[in-house]
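# below is the structure, and that's it, no one-letter string:
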C-alpha cells in the first residue's frame, strides 16, 4: 500500500467568491460573505442572515454549463469540481484511473421543494424534472457525466463531516491502488428544507455568527462547493508543476453521544484529531494552524475547544473558523475548508476568525482575529463534526 | 483482498428475518409494491426509543443488532451504511409540514432523522461504538461502495470487525412519484409472474440487510467476498462486457469458473435485455437465478442478493422457490452477483465458499 497522497488541484465556490482566487482575496481582506437572504425564496428573508453564493440560478447555469432547470447543488458542484480539475493540470497525463467522490446532504432539495408544494395539492401535479435529481447520489452522477468520469463515482453523506469523509475515502481508494486520481470534496445549496430544519433546532444566530466567542448565539447557514484533486505518488511524479501539498493524516471517529449534540468533553473530536496526528506520525507541536469546525453554536464550539485543550494544552497552534466568512455550508464545509487548509499549508496562511470579541472564558486560547502569514507553518489540521456524532479530521502538509 | 461474512440479518419482503429456513416459501405481492415483513421490534429495540424511529430506521437497527447478535459481537470496529433514498418518510414528514404550515415553527424530530447518516449514527449511539462510521448515498452503487469501504477498513486493520448494511424504504409518496416516472409496471403484476411477460416497468421493493465482515476466516462463515467493483454509465453493451471480463480476469478466473450468476433482472424488457445480451457473450453458459421477484427493485437491492448468494454458498443449495435451471455442478464454489440500476450504476460482487 503506497503511503503518500498529493493534492494537485483545488476548486471552490462559496459566499465569498466563485473561485479560489476570489475566496482567498476575501479571506485576506477579512470580508465576510454573510448577508441578508437575497436569492432563496423564503419567509425568513430579512430575518436570518446566510452566506449565499452571490449568483442566481440562471447565472450559475451560465457559469457551470448546466441547464438552469438543474438544481443548485449540482451547479455549485460542477463549477468547483471543474476548477479543481483544471487547476490540477492532469489533463495530459495518459491512462489515469480517475474517480469522483463527492459529498452532499441536501441533494436536489431546492427543486424537490417546488415539486412537493404542487404534489401535495394533487399527486398528479408537480413537474417530474424537479424531482428527478432529488437523491444525493444523482448530484454526483450528473456532475461526473459533465466532467467525463465513469471509472468510479461515490457519494457520501455524514451530515456536516460529509466532505471530509469523501476526501478520506478518495485518498484510501488511491492508497489501495483502485485509482490514481480522485476529485474529492462536497457541495450543498441553501434550501428552505435546511434553513427551516436548523431554525426548528434553534441553533441559528439572527445576527452574524461569532464562532468561539463567549457570547456566540448559533450558526449562519452557507452554501457552496469545494474540491481537491488527490493524486497517487506515481501520478504526482508525472505532473509538470509542484503539487499544492500532501494529505498526510486523517481520521474518522464517532462521538456516540447524541443525535444532534457533541459530548461536552468532545470525545469524538478528540479521537478524530488524535487519530489524524497518529496516522501522520505527528506530535501536537507539529500542527501550525487549525481550521476549526467552529460553527458558532454553544455546543459545538465548547466541545471542540474542550477537545483541543485536552490534546494541545499547554501550547496551542494558531486557529480560526472560516465559517465566520462562508457560513456553515454543511456537506460542502469540509471540502471548502480543505481547499483553504491546503493553501494555508502551502503558503503559510492564517485566516482570521471574524467578529470574535470576547474569547470563551473556560479556555486558555484565543483564535486569530487578523490575517497573517507564517512561513513556519508546515502542517494544518482541519476539523469537521456532524450530526449523528460523525467526527473527522484531516491534516495537510507543506511539501 | 478476501473478506469473510460471519453473520447476516435481512429484513425483506420475504420471510428472511430470524428464519432458520432459507427461502422455503415465497410470499406473494400483487400490487407492484413489495413491503418488508417487519420483525417484532420489542425484542430488539427499547420500546421508548423505537417509538421515535421511522420504519426504515427500525428495520435497519433491528437487522444490525440481529446481525451482531448472531456473530456474538457487541463492539464492531466500524459501521458502514448504504442508502440511496435515505430516511424518506422523515424527509416527507418535514417537507409536508414545512409546505402546509408555510415555514411556521416546526418540530425538529423529522428534520434530524431525515439526515442520511441517521441509521449509522443510531447504531453507533446505541452500541456506544466510537469507531469508523461512514454512510454512502451513491444511488444504485451505494451498497457496493459500502462494501469496498469495509474491505479497505479490513485491509488497514486485519483484526477489525466491520458491520456493513444496505437499506432503502418505499413510502406512499415515493411509490406514486416513481410510478409517475415510469419505473413501475402500468398494471398490477404478481411478483410470482415478474418474468412471465415482456413489458415495460418493474415492481417496487425495499429492505435492510446487515453483514458482519472480518479479514480472518472462522468456522461458521457464510462465504468469502473475493471482490467488488462498480462502473457508471457504460457507453454500450460491449463496454459493459469488457468491464465484466476485466473484473473476472483480475480475479484470475473465467466465466467457466463461476458456478452461479445472481442477475439483477427486474421484469422491465429494456432493462433485462442487457443481461440477456451479456449471457450470449461474457456471461455465457453460467447457470443463473434472479432475485428481484423476491425483494422488488430498489437501489440497494444487491444487499438482498448478497444475503441470497451467501446462503446459497453456505448451504450449497439453490432453493426450489428460485425456479432455477439446474446447475450440473455438485458444489457451488463461486457466485457472481451482477446488477445494473437503470443502466446507470453497474456492479459486480464475487463471492466464494470458504
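Happy to help now that I have it. Owing to the predicted nature of the structure, the values given are computational and were not obtained by experimental measurement.

# name the nearest residue to the residue of the stretch 251-354 of chain B found nearest chain A, ignoring sequence neighbours.
Nearest residue of the stretch 251-354 of chain B to chain A: residue B:344, at 6.6 Å (CB to the nearest CB). C-betas here are computed from N, CA, C, even on glycine. Once flanking residues are discounted, residue B:344 sits nearest to residue B:233: 5.7 Å by CB to CB, 6 or more residues apart in numbering or on different chains.

# and the contacts of the helix or strand where residue A:118 lies?
Here residue A:118, judged by DSSP states H and E, is contained in helix A:109-121. Surrounding helix A:109-121, the residues in contact under the criterion CB atoms under 8 Å, 6 or more residues apart in numbering or on different chains are A:71-73, A:125-131, A:133-134, A:189, A:191-194, B:95-96, B:98-100, B:173, B:177.

# can you give me the strands in the stretch 251-354 of chain B?
All strands of the stretch 251-354 of chain B, identified by DSSP state E, counting those that start in this stretch, fall at B:260-263, B:288-290, B:334-341, B:345-352.

# of all those strands, which lies closest to residue B:107?
strand B:334-341 (34.1 Å; CB to CB).

# figure out how far that closest one is from the centre of its chain.
Strand B:334-341 has its C-alpha centroid displaced from the chain centroid by 11 Å (CA atoms, centre = their mean, to the nearest Å).

# repeat that for stretch B:24-35.
Worked out by CA atoms, centre = their mean, stretch B:24-35 lies 17 Å from the chain centre.

# again, but for stretch B:137-154
11 Å.

# flag every buried residue along whichever strand or helix holds residue A:273.
Following DSSP H and E, one finds residue A:273 within helix A:267-280. Buried residues in helix A:267-280, counted by 16 or more other CB atoms under 10 Å in any protein chain shown: A:267-277, A:280.

# which residue, other than its chain neighbours, is closest to the residue in chain A that chain B sits nearest to?
For chain A and chain B, the shortest gap (CB to the nearest CB) falls at residue A:388, measuring 2.7 Å. Closest residue to residue A:388 in three dimensions, ignoring its sequence neighbours and counting by CB to CB, 6+ apart: residue B:121, at 2.7 Å.

# residue A:250 should be in a helix, yeah?
No. Residue state for residue A:250 (DSSP: H, G, I helix; E, B strand; the rest coil) corresponds to strand; a helix is not indicated.

# alongside chain B, which residues does the stretch 151-300 of chain A contribute?
A:151-159, A:165, A:169, A:172-173, A:176, A:178, A:192-193, A:196-197, A:199-201, A:252-260, A:267-268, A:271 (CB under 8 Å from any CB of the partner chain).

# among those residues, the buried ones, what's the ChimeraX command?
Here is the ChimeraX command that selects the buried residues among those (16+ other CB under 10 Å):
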select /A:151,152,153,154,155,156,157,158,159,165,169,172,173,176,178,192,193,196,197,199,200,201,252,253,254,255,256,257,259,260,267,268,271
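
# next step: the residues of the stretch 151-300 of chain A next to chain B restricted to strands.
A:152-156, A:252-254 (DSSP state E).

# specify the beta-bridge partners of residue B:229.
Legend: beta-bridge partners of residue B:229 under DSSP bridges are residue B:348.

# so who does it touch?
Taking CB under 8 Å, 6+ apart as the test, what residue B:229 contacts is B:144, B:243, B:247, B:347-348.

# which two of those residues have the greatest separation?
For those, and using CB to CB, no pair is farther apart than B:144 and B:243, which are 13.1 Å apart.

# those two - which one has more neighbours?
More crowded of residue B:144 and residue B:243, by other CB atoms under 10 Å in any protein chain shown: residue B:144, with 28 against 17.

# skipping adjacent residues, who's closest to the more buried one in space?
Leaving aside its sequence neighbours, residue B:144 is closest to residue B:347 (4.4 Å, by CB to CB, 6+ apart).

# now for that neighbour, how many residues are close by?
Using other CB under 10 Å: residue B:347 sits among 24 other residues.

# my guess is it contacts residue B:230. True?
Yes. Residue B:347 is in contact with residue B:230 according to CB atoms under 8 Å; the separation is 4.6 Å.

# which residues in chain A form helices?
Ranges of helices within chain A are A:20-29, A:57-64, A:72-88, A:109-121, A:136-147, A:162-175, A:192-200, A:233-237, A:267-280, A:298-312, A:323-326, A:333-347, based on DSSP state H.

# and the fourth one, what's buried?
With burial defined by 16+ other CB under 10 Å, the residues of helix A:109-121 counted as buried are A:109-117, A:119-120.

# now the last one
Taking 16+ other CB under 10 Å as the basis for neighbour counts, the residues of helix A:333-347 that come out buried are A:333-346.

# could you dump those residues to JSON lines with pLDDT and distance to residue B:110?
Converted to JSON lines, the buried residues of helix A:333-347 look like this (pLDDT from 0 to 100; distance: CB to CB, whole Å):
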{"residue": "A:333", "pLDDT": "98", "distance to residue B:110": "23"}
{"residue": "A:334", "pLDDT": "98", "distance to residue B:110": "25"}
{"residue": "A:335", "pLDDT": "98", "distance to residue B:110": "27"}
{"residue": "A:336", "pLDDT": "98", "distance to residue B:110": "28"}
{"residue": "A:337", "pLDDT": "98", "distance to residue B:110": "29"}
{"residue": "A:338", "pLDDT": "98", "distance to residue B:110": "31"}
{"residue": "A:339", "pLDDT": "99", "distance to residue B:110": "33"}
{"residue": "A:340", "pLDDT": "99", "distance to residue B:110": "33"}
{"residue": "A:341", "pLDDT": "98", "distance to residue B:110": "34"}
{"residue": "A:342", "pLDDT": "98", "distance to residue B:110": "37"}
{"residue": "A:343", "pLDDT": "98", "distance to residue B:110": "39"}
{"residue": "A:344", "pLDDT": "98", "distance to residue B:110": "38"}
{"residue": "A:345", "pLDDT": "98", "distance to residue B:110": "40"}
{"residue": "A:346", "pLDDT": "98", "distance to residue B:110": "43"}
